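Engineer: Provide a 3D model corresponding to the input given below.
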Amino acid sequence: MTSPTPGHAPVASPSGGPAADGVRLRVRLYAGAAAAAGTEEDVVDVLAGEAGAVPDVDDLRRALARRHPALAPVLEVATVLVGEVAAGPHDPVVVGPQLAGAPLPVVDVLPPFAGG
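Structural biologist: You can find the predicted model right below:
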C-alpha cells in the first residue's frame, strides 16, 4: 500500500488496490437515514474525488449512496456532522490526524426532522 496522505489512514480503492487519498469512517445514521440504509451505523471507506485531496462531505455522500442506493435522496437534504459540527459539502470528513490503531473517526448523518 502506498503512503497515506499526511494525517489520513490509507484505505483500499473500490478495485481492492491501494488508495492513499482516503479515510475509513464510522458513520452513524439517524431516523429516516437509518431507515433508508437499513442500518444505524456503518463503516465506510471514503476516497477523495481528486488525487491528492482530502475526502470531503460530498465524497462521503457519494460513497454512502453507492453503498446504500435508497439513502441517496435522503443524503441530498441531510446534515452531516464532522466532529459534532455541521459540515458543508467541501469540508473535510476528518478533523485532525488519524493515527494507526486509533478509533475510527465518527461522522453523523441527520435527515431533516420536525417536531417539538
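
Engineer: so which helix or strand takes in L64?
Structural biologist: Counting by DSSP states H and E, the element that carries L64 is helix 57-67.

Engineer: Can you point out the buried residues in the following helix or strand past that helix?
Structural biologist: Tracing the chain past helix 57-67, the next element assigned as helix or strand by DSSP H and E is helix 72-75. Of the residues in helix 72-75, 74-75 count as buried by neighbour count, 16 or more other Cβ atoms under 10 Å. Every C-beta, even on glycine, is put in place using the N, C-alpha and C of the backbone.

Engineer: quick one: the strands in this structure?
Structural biologist: 11-12, 18-19, 22-29, 41-47, 79-82, 85-87, 106-110 (DSSP state E).

Engineer: mind checking which of those is nearest V54?
Structural biologist: In terms of Cβ to Cβ, the element of the strands of the chain nearest to V54 is strand 22-29, at 8.2 Å.

Engineer: Can you list the neighbours in contact with the closest one?
Structural biologist: Contacts with strand 22-29, where a contact means Cβ atoms under 8 Å, 6 or more residues apart in numbering, come from 8-11, 13, 37, 39-48, 55, 60, 64, 71, 93-94, 98, 103-109.

Engineer: thought G32 was touching E76?
Structural biologist: No. In this structure, G32 is not within contact of E76 by Cβ atoms under 8 Å, at 12.0 Å.

Engineer: Any regions of this structure where pLDDT drops low?
Structural biologist: 1-20, 51-52, 97-98, 114-116 (pLDDT under 70).

Engineer: Go again with 80.
Structural biologist: Along the chain, the model assigns pLDDT under 80 to residues 1-21, 50-52, 95-101, 114-116.
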